[in-house]
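**Q** Need the 3D shape of this:
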Amino acid sequence: MIDWILEPFSFAFMRNGLLAATLVGLTCATIGVYVVLRRMAFIGDALAHTTLPGLVVAYLQGWNLFGGAIVAGLLTAVGIGWFSRRDAVREDTAIGVVFTAMFALGILLISTLRSFRDLTHILFGNILGVTTDDLLVIAVIALVVLVMLALLHKELELTSFDPIHAAQIGLRADWLRYVLLMLLALTVVGSIQVVGVVLTSALLVTPAAAASLVTNRLGWMMVISIVVAIGGAVVGLYASYYANVPSGASIVLACTAGFAIAGLVRTLRRGRRR
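**A** Below you'll find the model as predicted:
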């Protein structure tokens, strides 16, 4: 039994994959709570897709792919915030406009590549191909995002639960939205290497959604979300190794199983109360 547990992580690529998945899971699960509370789930998906033109440009020019993704993600975040400022345009409308424009630009640019396979690892993830340099970038992004969230914890909590009161006491809701969008863009970029553009939004939403079914206290919500995300990463990697299936998809499905368990716990609690 011990050999079965330890065998996958006797390989360096599996250890790197586990560390990357843990860092990404920790970051996505934490900021994902705010995403779920603010009903911004569509933004995570939009940001994941709108990094595509930045990735393609970086690939064509021989630049660092992370750098291209960060630039595209931040431009998207600023664009969404600018279009939806002061309710001139509803946020979901701004997301739809920027999302479709950036993704269309990415498709146009990707059509210039010789082969679609050139960016397959970005679209669908390649956690087992994570290098030491990739880990360093992911760790720096995780540190920046988590530190910023810790510094702005009270402000983000208040604007998430009671935005009217936050406005009355003078909190800059527009400024906080910009900051949250930019942190979300950085988080998405850090997740791309692990599960790819297509599946990144699931790591942002699913663990936090599972936590919201179990508790409505922000602190516990974050803890449960982190447990689901990291637990899903570990289970997904084991499934990938022993069943020879894609690791990114396995991680997301494991997190989805966590969501189903949380739903079952919620149902059982309600049944007992009755």
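**Q** quick one: contacts of stretch 58-76?
**A** With contact meaning Cβ atoms under 8 Å, 6 or more residues apart in numbering, stretch 58-76 is reached by 46-47, 50-57, 98-99, 102, 109, 112-113, 118-119, 122, 134, 137, 182, 185-186, 188-189, 192-193. All C-beta atoms are positioned from the backbone trio N, CA, C, and that covers glycine.
**Q** right, and residue 129 touches residue 20 too?
**A** No. Residue 129 is beyond contact range of residue 20, at 10.0 Å (criterion: Cβ atoms under 8 Å).
**Q** Which of these two has more residues huddled nearby?
**A** residue 20 (26 against 14; other Cβ atoms under 10 Å).
**Q** State the distance from the closest residue in space to that one that isn't next to it in sequence to residue 46.
**A** Nearest residue to residue 20, sequence neighbours excluded (Cβ to Cβ, 6 or more residues apart in numbering): residue 130, at 4.5 Å. Separation of residue 130 from residue 46 (Cβ to Cβ, to the nearest Å) stands at 25 Å.
**Q** Likewise for residue 52?
**A** 11 Å.
**Q** Spatially central residue for the chain, please.
**A** residue 204 (3.9 Å; Cα atoms, centre = their mean).
**Q** for the record, mean pLDDT for the helix or strand residue 263 falls within?
**A** Here residue 263, judged by DSSP states H and E, is contained in helix 247-273. Averaged over helix 247-273, pLDDT sits at 86.
**Q** Now it: buried residues?
**A** Under the neighbour-count criterion of 16 or more other Cβ atoms under 10 Å, helix 247-273 has 247-259, 262 buried.
**Q** Is residue 112 in a helix, a strand, or coil?
**A** coil (DSSP: H, G, I helix; E, B strand; the rest coil).
**Q** Show me how far the helix holding residue 263 is from its chain's centre.
**A** Distance of helix 247-273 from its chain centroid, counting by Cα atoms, centre = their mean, to the nearest Å, is 19 Å.
**Q** Could you measure from residue 128 over to residue 13?
**A** For residue 128, the distance to residue 13 - Cβ to Cβ - is 5 Å.
**Q** neighbour-wise, which of these two wins?
**A** Neighbour totals were compared for residue 128 and residue 13, and residue 128 leads with 17 against 14 (other Cβ under 10 Å).
**Q** Contact partners for that one?
**A** For residue 128, the contact set (Cβ under 8 Å, 6+ apart) comprises 13-14, 17, 240, 247.
**Q** Export those as a markdown table, with columns for secondary structure and distance to residue 225.
**A** Output for the contacts of residue 128, formatted as a markdown table (DSSP: H, G, I helix; E, B strand; the rest coil; distance: Cβ to Cβ, whole Å):
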| residue | secondary structure | distance to residue 225 |
| --- | --- | --- |
| 13 | helix | 27 |
| 14 | helix | 24 |
| 17 | helix | 21 |
| 240 | helix | 22 |
| 247 | helix | 21 |
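**Q** Output those residues in a markdown table, with distance to residue 169 appended to each entry.
**A** Below are the contacts of residue 128 laid out as a markdown table (distance: Cβ to Cβ, whole Å):
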| residue | distance to residue 169 |
| --- | --- |
| 13 | 50 |
| 14 | 49 |
| 17 | 45 |
| 240 | 48 |
| 247 | 46 |
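**Q** Now whichever strand or helix holds residue 6: average pLDDT?
**A** Following DSSP H and E, one finds residue 6 within helix 2-6. Average pLDDT, helix 2-6: 80.
**Q** just checking, what packs against that helix?
**A** Helix 2-6 sits against no helix or strand, with contacts defined as 3 or more Cβ pairs under 8 Å, 6 or more residues apart in numbering; DSSP states H and E.
**Q** Contacts for it next, please.
**A** Counting by Cβ under 8 Å, 6+ apart, no residue outside helix 2-6 touches it.
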